[in-house]
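1. Model the following, please.
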Amino acid sequence: MTTSSSEQGVSLGMPQLPAPTYPDDVRARLETDAKEIISRYPGSRSALLPMLHLVQAEEGHVTRTGMRFCADMLDLTTAEVTAVATFYSMYRRAPSGDYQVGVCTNTLCAVMGGDAIFETLQEHLAVGNGGTTDDGKVTLEHIECNAACDFAPVVMVNWEFFDNQTPESAKRLVDDLRAGAQVSPTRGAPLCTFKETARILAGFPDERPGAVEASGSAGPASLTGLRLAKGEASPARVVHPRAEATDGGQTHEPSPAEHLSSHDAPQDTSASDPSHPAGPAAEEGE
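-> Here you go, the predicted structure:
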């Protein structure tokens, strides 16, 4: 006895039926918000990214219905909307948790313990990458650089920073999230659910008391670099590698093994050294 393709769950390539529309009351509410978003842009299709956040805020992920709504409002095809929604990892394409817990596993965070944190949380929550706990509270994923290397290893919850984490502190964090306990980011706005975060990313104000005033800061290393760039701090002393050595009165010439690299002090060029074979740089207009 043979088993049919349909019984085996094999697709025969039949086209998918059009996505259902939102209920009338939901669509009317979303249309009002969508028109506000679209009005911010000179061309309506430029509103697609915040529109996808808007529909994600409705159901917690970008559904076929949400993509159809975006296409209708922006005069795009569903294929065009789908291409964008599936390109960016910020848009979820399947139901996910109230709290997106992302563990940075890029180079510095990984070396500082990010890999260990991610492995610990997978075992602790009994989920894999992109998996959601049975209670629907937490979705775990590894993510790329969060631009917070000064605080490595970093964990983010709904894009808010939790700095200098360890496997044990990360376990306490997800346990508190699942228990509904008060959880405060290391810096930045107070934590809210993923749907609420999506609506804020769509460009609507965060109306929670004190949320807008809350802020964070870069780490000491980043701020030192900023001060140097602005000339507000003394630059580090650089010892020129071609400094003369007193060896019987002879000048030391670097060997090929000592050849200067891009990390050494800047070398004279025609713009700064009149004796350079290329000659001094001429002033503009001369």
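2. can you give me the strands in the chain?
-> Secondary structure of the chain, counting by DSSP state E: strands at 99-104, 138-143, 155-157, 160-162.
3. among those strands, which is nearest residue 195?
-> Taking C-beta to C-beta as the measure, those were each checked against residue 195, and strand 99-104 came out nearest at 10.8 Å. For every residue, glycine as well, the C-beta is placed using N, CA and C.
4. most packed of the strands of the chain?
-> By mean neighbour count, with neighbours taken as mean count of other C-beta atoms under 10 Å, strand 99-104 ranks first of those at a mean of 25.
5. Name the spans of the stretch 101-250 of the chain whose pLDDT lies under the cut-off.
-> Under the criterion of pLDDT under 70, the regions of the stretch 101-250 of the chain flagged as low confidence span 215-217, 233-250.
6. switch the cut-off to 90
-> Along the stretch 101-250 of the chain, segments meeting pLDDT under 90 span 107-108, 111, 144-152, 160, 182-191, 205-250.
7. Mind jotting down where the helices sit in it?
-> Under the criterion DSSP state H, counting those that start in this stretch, helices of the stretch 101-250 of the chain are mapped to 107-109, 115-125, 167-179, 194-201, 220-229.
8. Switch those over to a markdown table; also include distance to residue 48.
-> Formatted as a markdown table, the helices of the stretch 101-250 of the chain follow (distance: least, C-beta to C-beta, whole Å):
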| stretch | distance to residue 48 |
| --- | --- |
| helix 107-109 | 31 |
| helix 115-125 | 32 |
| helix 167-179 | 31 |
| helix 194-201 | 13 |
| helix 220-229 | 32 |
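9. what's the closest of those to residue 149?
-> Of all those, the one in closest proximity to residue 149, counting by C-beta to C-beta, is helix 107-109 (4.8 Å).
10. in that closest one, what's buried?
-> When burial is assessed from 16 or more other C-beta atoms under 10 Å, helix 107-109 yields the following buried residues: residue 109.
11. Other residues contacting that helix?
-> If you take C-beta atoms under 8 Å, 6 or more residues apart in numbering as the criterion, helix 107-109 is touched by 103, 145-146, 149, 152-154.
12. Kindly export stretch 49-60 (C-alpha atoms) in CSV.
-> What follows is stretch 49-60, C-alpha atoms only, in CSV (Å, rounded to 0.1, in the frame of the first residue of the first chain):
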residue,chain,number,x,y,z
LEU,A,49,9.9,49.5,7.9
PRO,A,50,7.8,51.3,10.6
MET,A,51,4.7,49.8,9.1
LEU,A,52,6.1,46.3,9.7
HIS,A,53,6.8,47.3,13.3
LEU,A,54,3.2,48.4,13.6
VAL,A,55,1.7,45.1,12.5
GLN,A,56,4.2,43.3,14.6
ALA,A,57,3.0,45.2,17.6
GLU,A,58,-0.5,43.9,16.8
GLU,A,59,0.2,40.2,16.9
GLY,A,60,3.7,39.9,18.2
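13. Just confirm residue 84 contacts residue 48, I think it does.
-> Yes: counting by C-beta atoms under 8 Å, residue 84 does reach residue 48; the two are 5.7 Å apart.
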